[in-house]
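Chemist: Structure for the following, please:
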Amino acid sequence: MKKILAGLCLLTAGSLSALILAQRAPAASTTAAPNPEAMVPDIVVNGFKEFKTGGYSAATNAWAKDSSLLLDTQTLQNLNNFFNTISSTSGSFVGADVVRVVNLSANTQEVYSVVRYERQVVYIGFTCYKTGDKWIITVIDADKDPLKVLPTNIMSGQ
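Modeler: Reported below is the predicted structural model:
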């Protein structure tokens with residue numbers, strides 16, 4: 001009887017370990033690339049270059065290039081207002097870091113970044129869509145709160 005109970009305990013412990021490891025393992029589609037910057041569409045990178053040289057308005061225009069965002073003046077205005085408020089309270093733009101690139105399909109990516117200011121960071125997510133031979137950005141989400149932009153698996157360290 002003791003051998004049966006000991007065997008059940010080992011079996012249960014092994015099953016729990018496997019379950020815990022399975023829960024900790026990131027999904028294949030959200031695994032961080034060894035060098036995420038290498039996978040970032042040029043339109044995102046060019047927008048950050050514009051941010052550095054021409055400010056947030058130049059960046060939002062670069063990100064909206066050739067996209068339906070150009071026609072969505074309210075979204076662009078809201079984004080510019082957001083960055084204007086951040087700039088007035090957080091100092092100058094310092095740089096940006098890519099957190100993760102998620103390939104949703106051959107033609108769709110999510111790019112998650114941290115925008116660094118002198119006194120604060122801002123989180124920004126881009127939905128990128130490949131149309132023919134170029135990438136465009138169809139959605140831009142930005143917020144001071146990482147929980148409003150970054151997926152929960154990134155926030156939990158996966």
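Chemist: Look up phi and psi at Glu118.
Modeler: phi -60, psi -40 (degrees, to the nearest 10).
Chemist: residues near it, how many?
Modeler: Glu118 sits with 10 neighbouring residues when counted by other Cβ atoms under 10 Å. Using the backbone N, CA and C atoms, a C-beta is placed for each residue, glycine as well.
Chemist: residue contacts, it?
Modeler: Counting by Cβ atoms under 8 Å, 6 or more residues apart in numbering, Glu118 touches Ser90, Gly91, Ser92, Val94.
Chemist: quick one: the residue nearest to the third one when sequence neighbours are not counted from Asp66, how far?
Modeler: What sits nearest to Ser92 in space, not counting adjacent residues and going by Cβ to Cβ, 6 or more residues apart in numbering, is Glu118, at 5.5 Å. Between Glu118 and Asp66 the distance, using Cβ to Cβ, to the nearest Å, works out to 32 Å.
Chemist: and Thr138, helix, strand or coil?
Modeler: strand (DSSP: H, G, I helix; E, B strand; the rest coil).
Chemist: Report the contact partners of it.
Modeler: Ser67, Ser68, Leu69, Thr127, Cys128, Tyr129.
Chemist: What subset of the residues you listed is buried?
Modeler: Burial by neighbour count, 16 or more other Cβ atoms under 10 Å: within those this picks out Ser67, Leu69, Cys128, Tyr129.
Chemist: need those in JSON lines with secondary structure and distance to Thr85, can you?
Modeler: What follows is the buried ones among the contacts of Thr138, written out as JSON lines (DSSP: H, G, I helix; E, B strand; the rest coil; distance: Cβ to Cβ, whole Å):
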{"residue": "Ser67", "secondary structure": "coil", "distance to Thr85": "24"}
{"residue": "Leu69", "secondary structure": "helix", "distance to Thr85": "20"}
{"residue": "Cys128", "secondary structure": "strand", "distance to Thr85": "25"}
{"residue": "Tyr129", "secondary structure": "strand", "distance to Thr85": "28"}
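Chemist: and of the residues you listed, the nearest to Ile154?
Modeler: Cys128 (16.9 Å; Cβ to Cβ).
Chemist: Now do that closest one, the pLDDT please.
Modeler: What the model reports as pLDDT for Cys128 is 98.
Chemist: still on that earlier bit, out of the contacts of Thr138, who's nearest Ser57?
Modeler: For the contacts of Thr138, the nearest to Ser57 is Leu69 (13.6 Å; Cβ to Cβ).
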